[in-house]
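Trainee: Sequence plus predicted model, see below.
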Amino acid sequence: MFTLARKMRRPIQAVSWSRFITASLLTVFFLFAALIGAALIGGCGQKQQDIQISETKLLMDTFCTITIHGDFNAEELESIIDRAFQLCAELEALFSITDKVSDVWRINHAGGEPVTVDSQTIDIIKAGLEFGKLSGGMFDITIGRVSRLWDFSGEPNVPSEAELNEAIETVDYRGVIIFDNTVQLTNSDAWIDLGAIAKGYIADKIAGFLAAEGVSGALIDLGGDVVTLGNRQDGSPWRIALRDPFGDQGQWLGTVEVSGVSVLGSGIYERRFEADGKQYHHILDPYTGMPVTSDVASAFVIADNAMVGEGLSTIAVLLGSERGSEIFEQTNGFIGAVIVLNNGELLEFGDVEMKK
């Protein structure tokens with residue numbers, strides 16, 4: 001991590017015997033002073049050894065892992081990673097659809113009245129509305145009434161046709177009004193659900209915090225939504241595995257190597273259940289309320305930021321490979337993508353190289 005400059009000793013010239021003792025004492029004195037000075041300078045300028053720590057916590061109903069490394073001591077890195085998780089928890093509390101003090105819950109239960117919310121809530125809702133426009137309404141953050149009818153994490157539940165028909169009447173992202181720091185739903189029965197982009201937004205915020213703290217490198221993995229900063233501790237790119245949508249947990253299509261970008265995936269494999277011999281997944285069609293049907297089993301997007309990647313990967317599953325890939329090219333921040341079709345075919349778009 002550091003080098004020590006070697007000083008070349010000059011040969012001592014011969015001196016008369018009478019001046020030898022004086023010269024020797026002066027030489028010892030100056031050498032001692034030089035050594036003390038070098039030690040002080042070296043001690044002040046020396047960088048600490050680059051060390052790495054990693055921690056996993058259960059947040060947002062998933063396992064979240066943050067790995068960081070840098071020229072800090074262990075206590076400093078632990079403090080940084082603790083504050084990163086604290087930021088994650090704070091943002092989750094803002095965007096939760098079930099927490100009764102969250103901004104989203106207050107909007108959904110305001111009876112159509114304007115609600116003053118945090119600026120970060122404004123930011124993510126604006127992004128969700130842009131994805132709505134981009135997808136022609138297939139990506140719709142007002143799908144909350146529909147999504148709450150399904151239970152993909154607990155007891156399997158398939159809503160009735162009547163329940164779904166009633167719920168989809170409340171879905172229309174164009175009914176969200178933002179004015180200054182307030183959000184209003186023109187349909188008082190509508191509910192916002194930010195689950196399709198919240199992890200990406202939060203991952204971006206954590207990455208920004210870690211960069212400001214000066215870490216050398218980081219990998220933020222929020223339930224499979226990955227953001228990288230810099231490189232790995234050995235200087236090589238981060239290696240991210242892409243899950244096989246038709247395989248068991250832990251089976252991979254391949255890996256991509258990235259530095260300083262995000263890798264996000266959406267697919268029918270993530271949250272699903274079987275009922276009466278039929279599979280149901282969590283990516284819902286806002287026009288029917290049922291799990292969407294397209295030619296895409298999963299989509300992995302590499303992007304400059306995680307929220308863009310998360311939105312685009314979901315849109316690809318919702319709209320299918322042809323329309324989804326067209327939207328990729330229209331979106332700032334898109335880098336590359338790997339799409340897995342239902343027939344098992346792999347498609348690659350943009351700047352991406354998957355290694356098997």
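Mentor: Received the coordinates, thanks.

Trainee: can you map out the helices along the stretch 251-356 of the chain?
Mentor: Along the stretch 251-356 of the chain, the segments classed as helices by DSSP state H, counting those that start in this stretch run 306-319, 321-330.

Trainee: Need the winner for burial among those.
Mentor: helix 306-319 (a mean of 28; mean count of other Cβ atoms under 10 Å). For every residue, glycine as well, the C-beta is placed using N, CA and C.

Trainee: helices and strands around that one, which ones?
Mentor: helix 119-134, helix 198-213, strand 225-229, strand 262-267, strand 296-303, helix 321-330, strand 334-341 (3 or more Cβ pairs under 8 Å, 6 or more residues apart in numbering; DSSP states H and E).

Trainee: can these go into a markdown table with extra columns for mean pLDDT?
Mentor: Compiled in a markdown table, those are given as follows (pLDDT from 0 to 100):
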| stretch | mean pLDDT |
| --- | --- |
| helix 119-134 | 98 |
| helix 198-213 | 98 |
| strand 225-229 | 97 |
| strand 262-267 | 96 |
| strand 296-303 | 97 |
| helix 321-330 | 96 |
| strand 334-341 | 98 |
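
Trainee: And the ones you listed: which comes nearest Ala74?
Mentor: Among those, the nearest to Ala74 by Cβ to Cβ is helix 198-213 (14.9 Å).

Trainee: quick one, the closest one and helix 119-134 angle?
Mentor: Following axes from the mean of the first three to the mean of the last three Cα atoms, to 10 degrees, one obtains 130 degrees for the angle between helix 198-213 and helix 119-134.

Trainee: Same list (the helices of the stretch 251-356 of the chain) but as CSV, adding distance to His69.
Mentor: Compiled in CSV, the helices of the stretch 251-356 of the chain are given as follows (distance: least, Cβ to Cβ, whole Å):
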stretch, distance to His69
helix 306-319, 20
helix 321-330, 32
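
Trainee: nearest to Ile122, of those helices?
Mentor: Judging these by Cβ to Cβ, what sits closest to Ile122 is helix 306-319, at 14.0 Å.

Trainee: gap between the residue nearest the centre of the chain and Thr62?
Mentor: By Cα atoms, centre = their mean, the chain has its centre lying nearest to Ala203, at 3.0 Å. Using Cβ to Cβ, to the nearest Å, we find Ala203 at a distance of 12 Å from Thr62.

Trainee: returning to that earlier point: closest to Thr170 out of the helices of the stretch 251-356 of the chain?
Mentor: helix 306-319 (18.5 Å).

Trainee: Extract the C-alpha trace of the closest one and format it as CSV.
Mentor: Only the C-alpha atoms of helix 306-319 are listed here, as CSV (Å, rounded to 0.1, in the frame of the first residue of the first chain):
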residue,chain,number,x,y,z
ALA,A,306,-30.8,1.0,-10.5
MET,A,307,-34.2,2.6,-10.7
VAL,A,308,-34.0,2.9,-14.5
GLY,A,309,-32.9,-0.8,-14.7
GLU,A,310,-35.6,-2.0,-12.5
GLY,A,311,-38.3,-0.1,-14.4
LEU,A,312,-37.0,-1.3,-17.8
SER,A,313,-36.7,-4.9,-16.8
THR,A,314,-40.3,-5.0,-15.5
ILE,A,315,-41.5,-3.2,-18.7
ALA,A,316,-39.8,-5.9,-20.8
VAL,A,317,-41.8,-8.7,-19.0
LEU,A,318,-45.0,-6.6,-19.3
LEU,A,319,-44.7,-5.7,-23.0
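
Trainee: circling back to that earlier point, out of the helices and strands packed on helix 306-319, flag the one nearest Gln49.
Mentor: helix 198-213 (17.6 Å).

Trainee: hmm, who's touching the following helix or strand past that closest one?
Mentor: The first helix or strand that comes after helix 198-213 along the chain, using DSSP states H and E, is strand 217-222. Contact with strand 217-222 is made by 59-60, 62, 64-70, 84, 88, 199, 202-203, 206-207, 210, 226-233, 238, as judged by Cβ atoms under 8 Å, 6 or more residues apart in numbering.

Trainee: ok, now stretch 120-140?
Mentor: Outside stretch 120-140, the residues that touch it by Cβ under 8 Å, 6+ apart are 91, 94-95, 103-104, 141, 171-174, 176, 178, 181, 183, 192, 194, 196-198, 201, 205, 285-287, 292, 307, 311, 314-315, 318-319, 327, 330-331.
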